[in-house]
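Participant: okay, structure incoming, though there's no sequence with it:
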C-alpha cells in the first residue's frame, strides 16, 4: 500500500487508475461499498486501484473548535484500504488552497492532471470544491468529456436506515459499542503511543497502558471490555477506563487499558485498543479499597463478555 500526496503527480505505475473518492472517515459499510466497487472495476480492467481521502477532515478546517469527531487515523484507513485490495491511498491535504479550489479546478487539476484517472467511483451524495459546488452530475459531465466513467454507489442500509459516520458517532457517544461495530464491521479502535503516567495502577495491582485520545471522537466515558493489539502481533484481552478518573486529582482524560495476564514494557510503543463492550459509567470512589473491589468486578465481567 503506497501513500500519495493528492497535490502531486501520481507515479507512472499508478497512473490510469480507478479512484474511489470520498472522505471515508470510519471506513464503514457504506465506504466499503464504494472502495469495493472501485477495486472490483480496477481488477476487471487491469488497472491500479486508488482510494482518495481528505485530511484533516473538512469540518475540522472550517470549524476548528468543533468537538472531537474522528473515527479513524490515516494509518488506520491505509490498513483498511489495503485489506480491501487498494494499491494506494491518495491524501488530499485540506488546507486554505484546497478549500478555495473551485469544483472545476479540483476535477481538472487534482483528478485529471495529478491522478490521471481512468475512472472514478464515489457516493451518490458526494460534493466537492469551493462552497461544495461540485456534484456527481458535474463529475459525470467532466468524465464524459475526458473519456472516463464515473460510477456512484447508493446508501447502504442497515436496520432500515442508511449507514453513516453520524450514526456511528451517535452510537459511540451512547456507549453502544456493538451497534457501532455492526456499522463499521469491526469494533471501534483507538490507536496511540503508550505514555508514562503517575503509575498509581501498579500500586493497586492494576498496571495500565496510558494512551492519549488524540483527535478521536470521545465515546461515552466509562469502563470497557477491550482487546489490545500489540506491536509484536499479540492480541490481549483487558478492561479499560476511558475518561477523566474522577477518583484521582487532577482530572486527566486518558484511555487506560489493563491487559489481563500480561507483563511487559509497552512504554513508547504504539498500540491499538478496540472497545468491545461498555460496562458502566465512570464513578468516584471513597477510597482505594472500594475502587479495587469495583475493578475486580469490572474485570470479571469483561472476561465473561470477551469470552462470548
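Facilitator: Arrived safely, thanks for sending. Bear in mind that the values here come from a model prediction, so they are computed numbers and not experimental data.
Participant: which parts of the chain belong to which domain?
Facilitator: Residue ranges for the domains of the chain, per automatic domain parsing: 2-158, 187-307.
Participant: residue 178: which of those is closest?
Facilitator: Between residue 178 and the domains of the chain, the tightest spacing by CB to CB is seen for domain 187-307, at 7.0 Å. Any C-beta I mention is one placed from the backbone N, CA and C, and that applies to glycine too.
Participant: about what we covered before: and of the domains of the chain, who's closest to residue 181?
Facilitator: Smallest distance to residue 181 across the domains of the chain (CB to CB): 4.8 Å, for domain 187-307.
Participant: compute the first-to-last residue distance for that closest one.
Facilitator: 15 Å (CA to CA, to the nearest Å).
Participant: same deal with stretch 130-137?
Facilitator: Across stretch 130-137, the terminal residues are separated by 16 Å (CA to CA).
Participant: may I see the buried residues of that stretch?
Facilitator: By 16 or more other CB atoms under 10 Å, the buried positions in stretch 130-137 come out as 134, 136.
Participant: same check, this time on stretch 227-245
Facilitator: Using 16+ other CB under 10 Å as the test for burial, stretch 227-245 gives 227-230, 236-243, 245.
Participant: and what of stretch 172-183?
Facilitator: Burial within stretch 172-183, assessed by neighbour count using 16+ other CB under 10 Å, is assigned to 172, 173, 175, 176, 177, 179, 180, 181, 182, 183.
Participant: hmm, back to that, just the domains of the chain: most buried one?
Facilitator: Stretch with highest mean neighbour count among the domains of the chain: domain 2-158 (a mean of 18; mean count of other CB atoms under 10 Å).
Participant: any idea of the mean pLDDT for it?
Facilitator: Domain 2-158 carries an average pLDDT of 96.
Participant: run the chain-centre distance for that domain.
Facilitator: The chain centroid and the centroid of domain 2-158 are separated by 16 Å, computed with CA atoms, centre = their mean, to the nearest Å.
Participant: what's the span of that domain from first residue to last?
Facilitator: Start to finish, the residues bounding domain 2-158 are 32 Å apart (CA to CA).
Participant: where along the stretch 151-300 of the chain do the helices fall?
Facilitator: In the stretch 151-300 of the chain, the segments counted as helices under DSSP state H, counting those that start in this stretch are 165-173, 177-184, 200-203, 288-307.
Participant: nearest to residue 129, of the ones you listed?
Facilitator: Closest to residue 129 of the helices of the stretch 151-300 of the chain is helix 165-173 (CB to CB; 20.6 Å).
Participant: picking up where we left off before, tell me the two of the buried residues of stretch 172-183 that are most distant?
Facilitator: 173 and 182, at 16.1 Å, using CB to CB across the buried residues of stretch 172-183.
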